[in-house]
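Take this sequence and fold it.
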Amino acid sequence: MKKRTLALAICCIALAEFSTAQEVFFKNGLIANLPSRYGREAVYSDELAYRLYTGTLKTPVAGDTIGTTERNQPIVWMPIEADSTNRLRVRGGNFRGGAPAGPGVTPGAIRGGLGAGGSYIYLTYTSPKAQTALLNIKGNSGVFVNGAQHTGDPYSMGYLNIPVQLKKGLNEFYVRGASAVASLLFPAKPVLVNTDDPTLPFVVPGQQAGVQQGAVVVINTTNKPLKGFLIISNLEGKEVSIGVPEIPALASRKVPFSFDGSNITTKGKYPCKIILTNKGVIKDVNTVNIEAVNPGEQYNSTFTSAIDGSLQYYSVTPQSATPNANSALFLSVHGAGVEAINQARAYKPKDWGTLVAATNRRPRGFNWEDWGRLDALEVLGIAKQRYQPNPQNIYLTGHSMGGHGTWFLGVTYPDQWAAIAPCAGYPTMKGYGSADGLIPDSSGNPLEQLLLRSGNQSDVPKLATNYKAHGVYVFHGDDDRTVPVTYARQMRKQLGEFHPDLSYYEYPGGSHWFGDHSVDWKPLFDFFQWHHRLPDSSVNTIDFSTASPGISATFRWATILQQSNALAYSRIQLRRDKAAGTITGTVENTRLLKLHLKDFATGKAVKITLDGAAAVSYTVQGAQDSIVLQKEGNSWTLAAQPGLQQKGPHRYGTLKDAFNNRMILVYGTAGNAAENAWSLEKALFDAETWYYRGNGAVDIIADKDYSPGKYKDRGVILYGNKSTNSAWKVLLEDCPVQVDRNLVTAGAKRLPGDDHAAYIVWPIKNSNIASVAVIGGTGLKGMQAASANQYFAGASGFPDFMVFNLEMLHSGAGSLEIAGFYDHNWQIDTVNTAYKP
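Take a look at the predicted model:
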């Protein structure tokens, strides 16, 4: 009989910072390279999760096989031990794709799998009693704790402390990753203020002082929600208090606090005491350091994000001269792993403009797409209002991942910039890999084709003609081993075929980073200074493409309101002659087109000729007049402005649209015990992931506590189905895709069974902006199939609705059952929806 190997975490007890907490490190365990695929797309697979959910996962034993690779080689559980730094890793063996080659196991036996990061480490802890603890794992992408899923810390940041309920006796942990440092902390206090991951502004005496806001993490290790708590700050004798949002049981949340820096008059770091109280009783105390800098030095400012209501920051390199009516604004977007303040400090102050650095919500964040894109737009809007630059002198630049962000934001919003300058950047996520995995470019599966179409906006080269709207300066080291210079040369070749205003420079011998002049390059800023954004009235030619009006709809005086085929590429090429009163051009994949006529004189007769069809005539009624044209067959006709309940730039769908407008997570309580437990666990898992990836904070409420009036205009993430979540009837009763216990209906299509999962977006009836997203299934198996949250991966594409079954975790895209889009009236678009035969 084989001896069972348990990873008993009984070694290395140390003092931690959590109020004299005890910390227990895991010292040994087992590892196997189980196939999994978590890339930047909606399709994923995970063999261990599949076995866990289907009840076929056997307790791991050293030397036991757990399936076979695609090459029919055995996958074996192998021992793994911690080194002197407490990192669990394979010793004395080959390492192939995250699994060891041990005695009697050939490298080929453990080389297979569906993607990098497919390894799982099995750990156990025997608890002397039922108790709560904080689980801290560095280097993993996820973990199952006694079957419940939690988020991981793939970048080993160290600040992710997850409250978990331990059972008396054996507790099992399946850690996704090939190497990790794992520990359990047993804090002396049940409620904690953790300052490992603060969001803090700077004090700038005489300019940015007084009351400001920061944020710290409050951890609730109790089995009851935290209500009625206050945070009191004390900085240089000034006290300020603020209420703490409700925090669910066994959860944490990053919460804002206020402080008063008006007593700070000189540069330095000042301890600010953070006191957590409830009904006048102090529950925990901790300290953060507030930094003060001299006027003229780089600093941080914080703001409340409209995405989720959380506190975010941006950094500033102030203008060295007194700002004037011609002052410029530079938006700089950082590379992976770089804090915005370090990005700002790489630039010397300029006498002709202010530089602001957004955060992407985190140093790695969302690759400047999705919520990283929204963060950049929020900061740009704040900076325009605060620093009042000349609208014709707005510039965009960034390095590495921020070089990609520059390519992406520059092509997505081409009329916002006078010039852009990507440094050491790659144009698209499809061609550049990272821990999230590559995006495939095509598929033979019609359903997966629709999923891939959902990510079209990320494919920068397909939109490259948009760059004609502004100057482009490409800067790259010719010896860059991180982002090879071939990416810059690719874009030089493509843009060189049509772009009239392209400048290109390869820095001789330049690596990925060769000093601050990797970004603060004088010829680059000289290029900026020579360029100015023309006012709309001076632009008479438009060539604009977009893949989604919900992301980018307007260029100058034309707006694509609705597409003919959702998220396929749309393009408008227009030319106007204000004296002659004409607009002519061609339009692709556009159902409704809006033309702004403010630059034509009132009373002017304007003739619009599109695609060679019969002209549409219109007399301008006033200074702010505009018209809407609708494509009908091969003709264009005047149409009314569509109502806000139709699809439009304000709300165009796809699943991710609901994760906005201060979204709330609504878990179900109307199902059976297992369904309700899944729903709450899934909401907590998403909240953990959102915090880790997006520095975010969200409200989590039960279905019975939701009402449209109380949460008006807020996005909703609903977990469960029509029978298990009572908020469904309020939010989704009229949705053409229905998910109930044991049944999915989508139009005339019916899918019986308890193993179907669904991701759905739907407009909220009493709102003109907010949407609800469904993360659910027809039974516990279907809900478990929906447990992954690839929607938080930057550049991952999701349609308006998709249905798949539990087999996806085992076989991938072959288990897609329905994928598609709604038409402009939010009804199933039969042309743009696919069903599994």
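
Give the helix, strand or coil label for residue 769.
coil (DSSP: H, G, I helix; E, B strand; the rest coil).

didn't it look like it was pressed against residue 649?
No: the pair residue 769 / residue 649 is not scored as a contact, 10.9 Å apart, by Cβ atoms under 8 Å. Where C-beta positions appear, they are placed from N, C-alpha and C, glycine not excepted.

Excluding residues flanking it in the chain, which one is nearest residue 802?
residue 819 (4.4 Å; Cβ to Cβ, 6 or more residues apart in numbering).

To clarify, my last question referred to residue 210.
Spatially, and ignoring its direct neighbours in sequence, residue 210 is nearest to residue 262 (5.1 Å; Cβ to Cβ, 6+ apart).

host element of the residue nearest to residue 802?
strand 816-822 (DSSP states H and E).

what does that strand contact?
43, 445, 447-448, 450-451, 566-567, 647, 653, 736-737, 744, 746, 749, 751, 756, 799-805, 808, 828-829, 832-836 (Cβ atoms under 8 Å, 6 or more residues apart in numbering).

Give me the subset of those lying in helices.
Per DSSP state H, helices hold the following members of these: 447, 448, 450, 451, 808.

Relative to residue 364, which of these is nearest.
Nearest to residue 364 among the ones in helices among the contacts of strand 816-822 is residue 451, at 23.6 Å by Cβ to Cβ.

check contacts around the nearest residue to that closest one once chain neighbours are set aside.
Spatial nearest neighbour of residue 451, excluding adjacent residues (Cβ to Cβ, 6+ apart): residue 42 at 4.9 Å. Neighbouring residues of residue 42 by Cβ under 8 Å, 6+ apart: 451, 454, 759, 790, 791, 796, 797, 798, 799, 802.

out of all of them, which helix in this structure is the longest?
Longest helix in the chain, counting by DSSP H: helix 673-694.

Check which element follows that helix along the chain.
Following helix 673-694 in sequence, per DSSP H and E, is strand 699-702.

could you point out where the chain is predicted with low confidence?
Applying pLDDT under 70 to the chain picks out residues 1-20, 40, 92-117, 433-442.

tally of neighbours for the nearest residue in space to residue 426 that is not next to it in sequence?
Ranked by Cβ to Cβ, 6+ apart and with sequence neighbours excluded, the top spatial neighbour of residue 426 is residue 432, at 4.0 Å. Residue 432 has 17 neighbours, counted by other Cβ atoms under 10 Å.

cool, residue 515 as well?
By other Cβ under 10 Å, the burial measure for residue 515, its neighbour count, is 10.

Chain neighbours aside, what residue packs nearest to residue 200?
Using Cβ to Cβ, 6+ apart, the nearest residue to residue 200 is residue 214, at 4.4 Å.

List the contacts of that neighbour.
Here residue 214 is in contact with 198, 199, 200, 201, 256, 257, 259, 272, 288, 290, 302, 311 (Cβ under 8 Å, 6+ apart).

Now do the same contact list for the residue lying closest to residue 231 once chain neighbours are set aside.
Excluding the flanking residues, the one nearest residue 231 by Cβ to Cβ, 6+ apart is residue 257, at 4.3 Å. Shown in contact with residue 257 (Cβ under 8 Å, 6+ apart): 213, 214, 215, 216, 231, 233, 240, 242, 274.

Can you turn the buried part of the contacts of strand 816-822 into a ChimeraX selection?
Filtering the contacts of strand 816-822 down to the buried ones (16 or more other Cβ atoms under 10 Å) takes a single ChimeraX command:
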select :43,445,447,448,450,451,566,567,647,653,737,744,746,751,756,799,800,801,802,803,804,805,808,828,829,832,833,834,835,836
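
got the phi/psi numbers for residue 495?
According to degrees, to the nearest 10, the main-chain angles of residue 495 amount to phi -70, psi -30.

wait, what's in contact with it?
By Cβ under 8 Å, 6+ apart, the contact set of residue 495 is 464, 467, 472, 502.
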